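below: sequence and its predicted model.
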Amino acid sequence: MTHTPKKRASDEGKDRVYIFDTTLRDGEQSPGATMTHAEKLEIAQLLDEMGVDIIEAGFPIASEGDFRAVSEIAKRSKDAVICGLARANLKDIDRCWEAVKHARQPRIHTFIGTSPLHRAIPNLTQDEMAERIHETVTHARNLCDNVQWSPMDATRTEWDYLARVVEIAIKAGATTINIPDTVGYTAPVESAELIRRLIKEVPGADEIIFATHCHNDLGMATANSLAAVEGGARQIECTINGLGERAGNTALEEVVMAMKVRGDIMPYRTGIDTTKIMNISRRVATVSGFAVQFNKAIVGKNAFAHESGIHQDGMLKNAETFEIMRPADVGLAETNIVMGKHSGRAALRSKLKDLGYELAENQLNDVFVRFKELADRKKEVYDEDLIALATTEAAED
Ligand code: KIV
Ligand code: ZN
């Protein structure tokens, strides 16, 4: 049985970038990030609802639990394509198909390591590996008409060999070719050029979608993914909060918001409802047990928080002074004005007003002095502290 995938680059225009989320597969491969069956179903539903185009739900042959989760996610899927991962052998691919076939739009994703280091592991010659790729992609395509193929460690694979195997996979029926930067080794200028060159030089490359899959070992995953899009990739593989092995994968929230905020220089569209970002970020942090660092772009606790007096004053006058996104764009109710020793009088007045205290100028001056004394002793001054200061002041007058 075959299914027609709903979306193709040509269907929606050249500026449409598909978001492929692999939180439940590559993200879950992070040591310690294992999720329960129920948690995986919940995250898959949230991903589908936020407009993720393709959900990589797991690695069906890896365990009974993975098989069950991918099958169930496939059955419950709505708009998203549901993808499972399979190594380059017929048994893996059959098992993957058994799990994803329940989806309205299933995809098989099969891969093999093509760089010299990775070829050495199964001890295959270049020709033997090429034959294996032809055989496995053909097999996958006979089961499903939506097949993704990845040359693992593509960015450390010799150009000639990479071009050769990509052509073989396309001829065997792959509809998406993913170019993984498996160890986070590439840099933006290379990332763009690699995709550009593959599209230009590999026969049949203009008929399929190229994907980018970056790891963050050198902190360049977001930049490399966006550069690959500049080079012609139209699928970004990513995870919520950048969860993933070692330093993680490209963070979904970063690439999506970068394209949204800087549409002037990156004129691309995704189908993501960005107002759902914060909620899913918090859920993934909770269920994976991987807390989000405070200063993480977009979803960190401090991403929309201001403590310094100059910043707070600017924010109170015009939020754009120190914020390039509105908190509401990512599903956050409001900017957090944090009261601490760097805060100024304007922020104090505004905060007290929000708490229901409108003080005369001399009262505010007194409270401000005591607030600064307290802030020197505490990292953060909470609303309760401010209420106590304001109430004492009112009682003394
Ligand atoms: O990083 C990688 O190469 C992968 C592949 C399985 C696509 O995750
Ligand atoms: Zn990966």
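All right, it came through fine. As the structure is a prediction and not an experimental result, all values here were calculated from the model. Ligands and ions are numbered 1, 2, ... in the order given.

what's the neighbour count on residue 392?
Using other CB atoms under 10 Å, residue 392 has 13 neighbouring residues. Every C-beta, even on glycine, is put in place using the N, C-alpha and C of the backbone.

ligand 1 versus that one, what's the distance?
According to CB to the nearest ligand atom, to the nearest Å, residue 392 and ligand 1 sit 58 Å apart.

same question for residue 240.
Taken as CB to the nearest ligand atom, the span from residue 240 to ligand 1 is 16 Å.

next one: residue 164
19 Å.

ok, that residue - contacts?
Taking CB atoms under 8 Å, 6 or more residues apart in numbering, we find residue 164 in contact with 126, 130.

element containing it, please.
Using DSSP states H and E, residue 164 maps to helix 159-172.

mind listing what's buried along that helix?
By neighbour count with 16 or more other CB atoms under 10 Å, helix 159-172 contains the buried residues 161-170, 172.

could I get these in JSON lines, plus columns for pLDDT?
JSON lines is the format used below for the buried residues of helix 159-172 (pLDDT from 0 to 100):
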{"residue": "161", "pLDDT": "98"}
{"residue": "162", "pLDDT": "98"}
{"residue": "163", "pLDDT": "98"}
{"residue": "164", "pLDDT": "98"}
{"residue": "165", "pLDDT": "98"}
{"residue": "166", "pLDDT": "98"}
{"residue": "167", "pLDDT": "98"}
{"residue": "168", "pLDDT": "98"}
{"residue": "169", "pLDDT": "98"}
{"residue": "170", "pLDDT": "98"}
{"residue": "172", "pLDDT": "98"}
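
what residues are up against residue 232?
Taking CB under 8 Å, 6+ apart, we find residue 232 in contact with 195-196, 199, 210.

show me where the stretch 101-250 of the chain has strands.
Here the stretch 101-250 of the chain has its strands, by DSSP state E, counting those that start in this stretch, at 106-113, 147-152, 176-181, 209-214, 235-238.

the stretch 251-397 of the chain too?
For the stretch 251-397 of the chain, applying DSSP E, counting those that start in this stretch gives strands covering 305-306, 336-337.

mind checking pLDDT for residue 230?
Residue 230 is assigned a pLDDT of 98 by the prediction.

show me what contacts the residue of the stretch 1-150 of the chain at minimum distance from ligand 1?
The stretch 1-150 of the chain approaches ligand 1 most closely through residue 150 (4.1 Å), counting by CB to the nearest ligand atom. Neighbouring residues of residue 150 by CB under 8 Å, 6+ apart: 109-112, 177-180, 213.

so which of the residues you listed also contact ligand 1?
For ligand 1, the contacts drawn from the contacts of residue 150 by CB under 6 Å from any ligand atom are 111, 178, 180, 213.

in JSON lines, list these along with neighbour count, distance to residue 332 and pLDDT.
Listed next are the ones next to ligand 1 among the contacts of residue 150 as JSON lines, based on neighbours: other CB atoms under 10 Å; distance: CB to CB, whole Å; pLDDT from 0 to 100:
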{"residue": "111", "neighbour count": "23", "distance to residue 332": "36", "pLDDT": "98"}
{"residue": "178", "neighbour count": "22", "distance to residue 332": "32", "pLDDT": "98"}
{"residue": "180", "neighbour count": "24", "distance to residue 332": "32", "pLDDT": "98"}
{"residue": "213", "neighbour count": "28", "distance to residue 332": "28", "pLDDT": "98"}
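
quick one: contacts for the closest residue to ligand 1 within the stretch 201-350 of the chain?
Closest contact between the stretch 201-350 of the chain and ligand 1, by CB to the nearest ligand atom, is at residue 213 (5.2 Å). Residues in contact with residue 213 (CB under 8 Å, 6+ apart) are 22, 150, 178-182, 237, 249-250.

who wins for most neighbours among those?
That'd be residue 249 among the contacts of residue 213, by other CB under 10 Å, with 32 neighbours.

contacting residues for the residue most central in space within the chain?
Nearest to the mean C-alpha position of the chain, by CA atoms, centre = their mean, lies residue 252 at 1.9 Å. Counting by CB under 8 Å, 6+ apart, residue 252 touches 19, 21, 23, 52, 238-240, 272, 277.

quick one: it from residue 66, how far?
Going from residue 252 to residue 66 by CB to CB, to the nearest Å gives 21 Å.

before we move on, what about residue 241?
21 Å.

who has more neighbours, the two?
Neighbour count, other CB under 10 Å: between residue 241 and residue 66, residue 241 has more, with 27 against 23.

so that one touches residue 299, yeah?
Yes - judged on CB atoms under 8 Å, residue 241 makes contact with residue 299 at a distance of 6.3 Å.

any shared contact partners between the two?
Common neighbours of residue 241 and residue 299, using CB under 8 Å, 6+ apart, are 253, 281, 292.

what ranges do the helices span in the stretch 251-397 of the chain?
252-261, 277-288, 309-317, 345-354, 361-377, 383-396 (DSSP state H, counting those that start in this stretch).
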